[in-house]
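**Q** can you look at this prediction? I've put the sequence above it.
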Amino acid sequence: MIQTCIVTNLRRPEMLLETLRSLARSGIGAITLCCDANTEPSPANHAKVFLRALETTGRLCKAAGSDWALLCEDDIAVPVGFGDYLLRLCPLLQPHKDALGFATLFCSAGYRDWAAAHPVQEAPQFGRLIPNDCYAGTLCLLVPVASISKLLPVMQSVCRNPGAADWGGDRILGEAARREGLEAWCHVPSLVDHRGRTSSTVASRSDNLAAVAADYVGDEWKLEARS
């Protein structure tokens, strides 16, 4: 069983409801909401709520005997059959759970060519993310529970660094994986449509990559886990 947590600030309830409908339609069951109560959005606030979500989900996974956590944001859509696909995908990734920091299921066009050119031979659905880029996106992450206990202390340490005050949860996660020597993988094609982002607000390379539309497979795409 995969434990699922959605990070939300509740400022866009209609978007959250659409995300919940999409996940329920796809076969994802019980979902925990982790809410950001801050009235003003900021990278620092996002990082704090993301760390809390990761910690909460890790605790739920251990209580339920789950090996995998699914962390999503509140402005996505996933294909029909997504839940069953993950249940077939996780056993293929299980041999790598101690080396895999996380796998992102959202692939922006900015990462598509890189990930396709750097495939993971034992898991051909995935490519490796750019080393040391410290950017993965937190739209939809599949995280082995074994890595949560490794990543959390490092992420908390990074958050305390004044130089990381403008880092979001995604960059902090990527930096923690780099420091711990854990793999960062990206599913190609993207399994997730990012429906809440329409424009770039920060003139940075990572932000521009995230603003590019996902290579989304569509609601009716037939999901098959390749061996």
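**A** Ah, there it is.
**Q** spatially nearest residue to P131, not counting backbone neighbours?
**A** Leaving aside its sequence neighbours, P131 sits nearest to R178 (CB to CB, 6 or more residues apart in numbering; 7.4 Å). C-betas here are computed from N, CA, C, even on glycine.
**Q** how about the secondary structure of that neighbour?
**A** helix (DSSP: H, G, I helix; E, B strand; the rest coil).
**Q** tell me how many other residues crowd it.
**A** Number of residues near R178 (other CB atoms under 10 Å) recorded here: 16.
**Q** what distance do you get for it to L151?
**A** To L151, R178 is 11 Å away according to CB to CB, to the nearest Å.
**Q** can you pull up the most central residue in this structure?
**A** For the chain, the residue nearest the mean C-alpha position is L141 (2.2 Å; CA atoms, centre = their mean).
**Q** for it, give the beta-bridge partners.
**A** Listed by DSSP bridges, the beta-bridge partners for L141 are L71, T104.
**Q** thought it was touching A103?
**A** Yes. Judged on CB atoms under 8 Å, L141 makes contact with A103 at a distance of 7.0 Å.
**Q** for C34, helix, strand, or coil?
**A** Strictly by three-state DSSP, C34 counts as strand.
**Q** can you point out the buried residues in stretch 43-53?
**A** Going by neighbour count (16 or more other CB atoms under 10 Å), the buried part of stretch 43-53 is 43, 45-53.
**Q** helix, strand, or coil at S66?
**A** Applying three-state DSSP: S66 is coil.
**Q** swap in F126?
**A** Assigned state for F126: strand (three-state reduction, three-state DSSP).
**Q** verify the stated contact: it with A115.
**A** Yes. With contact defined as CB under 8 Å, F126 reaches A115; the gap is 7.4 Å.
**Q** all strands of the protein, in order?
**A** Remark: strands assigned in the chain by DSSP state E are 3-8, 31-35, 68-73, 76-77, 100-104, 119-120, 123-128, 140-144, 183-187, 193-194.
**Q** turn those strands into TSV, including distance to R59 and mean pLDDT.
**A** Listed next are these as TSV, based on distance: least, CB to CB, whole Å; pLDDT from 0 to 100:
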stretch	distance to R59	mean pLDDT
strand 3-8	9	92
strand 31-35	10	91
strand 68-73	10	94
strand 76-77	23	87
strand 100-104	17	95
strand 119-120	29	94
strand 123-128	27	91
strand 140-144	13	95
strand 183-187	23	93
strand 193-194	28	82
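**Q** distance to E14 added to those strands, as a markdown table?
**A** Shown next, in a markdown table, are those (distance: least, CB to CB, whole Å):
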| stretch | distance to E14 |
| --- | --- |
| strand 3-8 | 12 |
| strand 31-35 | 15 |
| strand 68-73 | 15 |
| strand 76-77 | 13 |
| strand 100-104 | 25 |
| strand 119-120 | 37 |
| strand 123-128 | 32 |
| strand 140-144 | 19 |
| strand 183-187 | 27 |
| strand 193-194 | 16 |
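**Q** so which of these is nearest E18?
**A** Nearest to E18, of all the strands of the chain, is strand 76-77, at 6.9 Å by CB to CB.
**Q** where does the most far-flung residue of the chain relative to its centre land on pLDDT?
**A** Residue farthest from the centre of the chain, counting by CA atoms, centre = their mean, is P162 at 24.7 Å. As predicted, P162 sits at a pLDDT of 84.
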